[in-house]
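Colleague: Just a sequence and a predicted model for now, questions to come.
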Amino acid sequence: MSLIINGAEYELASPPLTSLLNVLREEVGLLSPKAGCQQGGCGTCTVLIDGEPRRACLTPLGAIEGAAITTVEGLGDPRNLSPVQAAFHEHYAAQCGFCTPGMMMAATGLLARRPDATRDDVLEALAGHFCRCTGYVKIVDAVLSAAAGRVDTTRPEPEAEPGEPSVVIPGSPA
Amino acid sequence: MSVAPLAEPEVLVPASEEEAIAAFGDGTGVTVLGGGTILMPELAAGRLKPEKTILLARAGLDEWRDEGGTTRIGAAVSVGALVDAPEPLASAARHVADYEVRSQGTLGGNLCAGPGRGFPRGDLQAPLIALDAYVRSAGAGGERTEPVERFLSTSPGNRLVVQVEFETRDRLGGWAALERPHAHSYTALSVAATISPSGSDLRVACSGAGPYAVRLRSVEQGGLDGDPGEALRDVQLTDDALASAWYRERMLPVLVGRVLSQLKEAG
Amino acid sequence: MKAVGARLPRYDGLQHVTGQSVYVDDVRVPDMLWAKALRSTVHSAEIKKLDVSKALRVPGVHAVVTHEDVPVNIVGHLAALGVPADEPLLAEHEVRYQGQPIAVVAAETEEIAQEAVNAIEISYEEREPFLDIRKAFDPDVPKVSPSGNLFVYEPYTERRVRKGDIDWAFEKADRIVQGVYRPAAIEHCPTETQVALVVPEATGRLVIYSCTQAMYFSMGVVATHLGVSLNDLKFVGGTVGGGFGGKVDTAAETISALLAIKAKRPVKWRWTREEEFLCSSVRATWHVEIADAVTKDGWILGRRTLTLHDAGAYTRFSSYGATKHAFHLGGAYTIPNLSFNAYVIWSNHVPTTAMRGFGVTSVSFAVELHMTRIATVLGIDPWELRLKNASRVGDTAPTRVVLKDPSAVPTIQAAAQAAGVELASEYRAMTNAPRKGKTLPRHLVDQLGAWRDNGGR
């Protein structure tokens, strides 16, 4: 079986019923897709298969012979982030980070098929992605920001800006 | 290395409908994998150890034709694509899982989905019954085309679904379900119905009140103004992981009522 | 205060968005084995027979551990706080909850390990389980532990808080307002399931990659179970895929360590999502009954509470959580006469544990609902009821701690503002300054005693 993973050709030895998730993590050594549930319920394993976001844990290798796979490792690196990656960093859309790879791949897939995605489009695309830390608001903001092109991908770190707290309680020492 | 199977199962990837039917034979010892959304979790959990598996990804069963007043949809068409089908199939498809899972799950896989450890999984079965759909399948005794209801009552696990067809008429469709947003789980209870524009032919079915979808003939007999509670005559409710019989008993008439209202408003 | 309110980049932000954060399941070592557990299928039973010999004969299996392999099987997580040890790492003669680990296998693949688990012979003599903590005081319910179902806070069977004269309050009250509040159990459901990887080194030291939220704590627990010194262990923590309190009482490290020692190979144990839901510890169910003695103009003269906390099959941190709970049952309000009783009850549920706000979120839930109930019963505005009773400088907490700067008043006012509620001018003007005049009814004078004696400081 062969796959094109992040632009490179791979010959794979895993049996055909091996999930793409296990192929990527165990045989190829790409660790960004995660094993959150192995039932297709959490979205942490999502990668792009021929540009479309799909659950790697639900995809048997034998069904995708020759397909082009994209993982987070193929989106960008610290010096050259993709707009989605830069937006997630800028908007604090990751806390523990475990859902982040799946979220970013789903978002990347969405923006490829719908460059001017609305908030409803984003919610629908991410509806199968489960985050226990952030409360989702910053993730949605990040994706919308990437869609609107409001992201600076050349600046790897947001700059520290001293600020005013947004709610001041009278008598508070802040 | 981690998850290598102990004994290598035979895996076939047929390249045409004919090859798929030949590989399936009479179905003995064969596991058919459409999108994988229902079967792969079973493999991962070790609950399913297939001997011979047929992957339908390349068998060309993904054609969709509307011609001569009949719509024919291949078994490997994704659930996601069905959001463009006539109602109530479209609404049911739209509510299956999320974009990624329904883009991968197939019409045939969902149609054949039996209860998983007690809870029903074939969310599309009720809309197909409501549409008076027919199933073309292969297996022991050769190919046959039969109404969905009959297909479901004669062990769908033993047949290879090739295609589903229904007449593309001006029927009105209605659909209502117990919705749990973001639950990504199978639907605990849903009701699907269609009615002819003249109002003379009402077809109603329900998913989630039994291992497979059931036709609600008592509701059909009552017509659009009938008592939705009659639906309870047609079902035997049990507790399962998705909902209790108690809850379904209270909600089924509500869902039936909603669907009948939808049809009345549309008519 | 330049950092507060400033937009600083997350130190781990770049690694998160480039897929480079390393979680325990991402650590790769050569010759690693996988673990799977045999877990109790019943709520409560005697183990009549346990035979792992068939599991050992499955090709590809390198080790099986049971309680016999654990140097110190019963270790109290809160021994340092004087909470007696009661939980076996691996079940001995009985199981007290469905999902309790009995034996664990290490093998070449997860599939082989599971096949070996399936080959273990076990038979249970089932006992009637105790599952409804409201029945804890009935005489004929099954006993979860030999001493019964109530944890003992020496010398009482409950955590008690007493202050003032509760009988006076209930006699003097215009109304008694009662309520029962039952926040449900919650599963932490972290996106990363429990996982541990243990690598034995040639020197005998164990390197333990852990998803624990509490490295030093877990290190101590593992060292005690294994009977080794802390410097025989090297814990490697790092990015945890969500914990929320559920990855503090981890046992995966200890069990994986025992397997690694026996197999002389690295062992990884990665829980399935099913195990995470069914067998990992949860936030407990609480049952909170409140009876407040109130005046018709909305002063709370006294409060009685009864709390039942479902600890599940073993104590873990429950006694600590229930203590915190009890101390906070006044809420953000000053109530001079109190009688709180909080019971920690063992049941045949999965042992419960900490989860964000451990012990106190149940207070917030119960007390705030109760305040609204009081307002409804008395026909008083719920905001005004709260502001009236809200703690001020110099008031004492249920534990008699003098409050130096309670933020109850400004917080309630800010909440009203955020909710678009217009407060009456008297209430808008309130501050947390020491009580006087209208905010100091007679019955609140004495509880200011400690503050006044100290010259109003």
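Modeller: Perfect, thanks for sending it.
Colleague: residues near the residue in the stretch 1-150 of chain C that chain A sits nearest to, how many?
Modeller: For the stretch 1-150 of chain C, the residue closest to chain A is C:G19, as judged by CB to the nearest CB, at 3.0 Å. Just so you know, the C-beta spots here come from the backbone N, C-alpha and C atoms, and that holds for glycine as well. Neighbourhood size, C:G19 [other CB atoms under 10 Å in any protein chain shown]: 25.
Colleague: Spell out the secondary structure type for the spatially closest residue to it that is not a sequence neighbour.
Modeller: Nearest in space to C:G19, with sequence neighbours left out and distances taken as CB to CB, 6 or more residues apart in numbering or on different chains, is A:S32 at 3.0 Å. Following DSSP: H, G, I helix; E, B strand; the rest coil, we place A:S32 in the coil state.
Colleague: From C:A322, how far out is the residue of the stretch 1-150 of chain C closest to chain A?
Modeller: Using CB to CB, to the nearest Å, C:G19 is found at 42 Å from C:A322.
Colleague: Could you measure from the residue in chain A that chain B sits nearest to over to chain C?
Modeller: Across chain A, no residue is closer to chain B than A:G128, which sits at 2.8 Å (CB to the nearest CB). Using CB to the nearest CB, to the nearest Å, we find A:G128 at a distance of 13 Å from chain C.
Colleague: Which pLDDT value belongs to the residue in the stretch 1-150 of chain B that chain A sits nearest to?
Modeller: When scored by CB to the nearest CB, the stretch 1-150 of chain B has B:D98 as its residue closest to chain A, at 2.8 Å. Reported pLDDT at B:D98 in the predicted model: 93.
Colleague: Count the residues that sit near it.
Modeller: Neighbours of B:D98 (other CB under 10 Å): 22.
Colleague: which residue sits closest to it, ignoring its sequence neighbours?
Modeller: In space, B:D98 is closest to A:G128, 2.8 Å off (CB to CB, 6+ apart).
Colleague: Where does the most centrally placed residue in chain A fall, secondary structure wise?
Modeller: For chain A, the residue nearest the mean C-alpha position is A:M104 (1.9 Å; CA atoms, centre = their mean). Per DSSP states H and E, A:M104 falls inside helix A:100-113.
Colleague: ditto for C:S339
Modeller: Assigned by DSSP H and E, C:S339 falls in strand C:337-346.
Colleague: packing partners for that strand?
Modeller: strand C:159-163, helix C:166-172, strand C:300-312, helix C:318-327 (3 or more CB pairs under 8 Å, 6 or more residues apart in numbering or on different chains; DSSP states H and E).
Colleague: Which of the ones you listed has the highest mean neighbour count?
Modeller: strand C:300-312 (a mean of 25; mean count of other CB atoms under 10 Å in any protein chain shown).
Colleague: Test my guess that the residue of chain A closest to chain B contacts B:A97.
Modeller: Yes. Counting by CB atoms under 8 Å, A:G128 does reach B:A97; the two are 6.4 Å apart.
Colleague: Export stretch A:118-129 to CSV, keeping only CA atoms.
Modeller: Extracted in CSV, the C-alpha atoms of stretch A:118-129 (Å, rounded to 0.1, in the frame of the first residue of the first chain):
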residue,chain,number,x,y,z
THR,A,118,-19.3,32.2,8.2
ARG,A,119,-19.6,31.5,11.9
ASP,A,120,-22.3,28.9,11.3
ASP,A,121,-20.0,27.2,8.8
VAL,A,122,-17.2,27.1,11.3
LEU,A,123,-19.5,25.6,14.0
GLU,A,124,-20.8,23.0,11.6
ALA,A,125,-17.3,22.0,10.5
LEU,A,126,-16.0,21.8,14.1
ALA,A,127,-19.2,20.2,15.5
GLY,A,128,-17.5,16.8,15.8
HIS,A,129,-14.5,18.1,17.6
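Colleague: That one: how far from the chain's middle?
Modeller: Here stretch A:118-129 is found 13 Å from its chain centre; the criterion is CA atoms, centre = their mean, to the nearest Å.
Colleague: now swap in stretch C:189-207 and tell me
Modeller: Counting by CA atoms, centre = their mean, stretch C:189-207 comes out at 24 Å from the chain centroid.
Colleague: Got phi/psi on the spatially closest residue to C:V17 that is not a sequence neighbour?
Modeller: In space, and not counting its chain neighbours, C:V17 is closest to A:Q85: 4.3 Å by CB to CB, 6+ apart. When read as degrees, to the nearest 10, the backbone of A:Q85 gives phi -60, psi -50.
Colleague: pLDDT score assigned to A:P173?
Modeller: On the pLDDT scale, A:P173 is placed at 53.
Colleague: Could you do C:V83 as well?
Modeller: 86.
Colleague: Okay, domains of chain A per the record?
Modeller: A:2-74, A:83-148 (automatic domain parsing).
Colleague: would you turn the ones you listed into CSV with mean pLDDT?
Modeller: Rendered in CSV, the data for the domains of chain A read as follows (pLDDT from 0 to 100):
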stretch, mean pLDDT
domain A:2-74, 97
domain A:83-148, 97
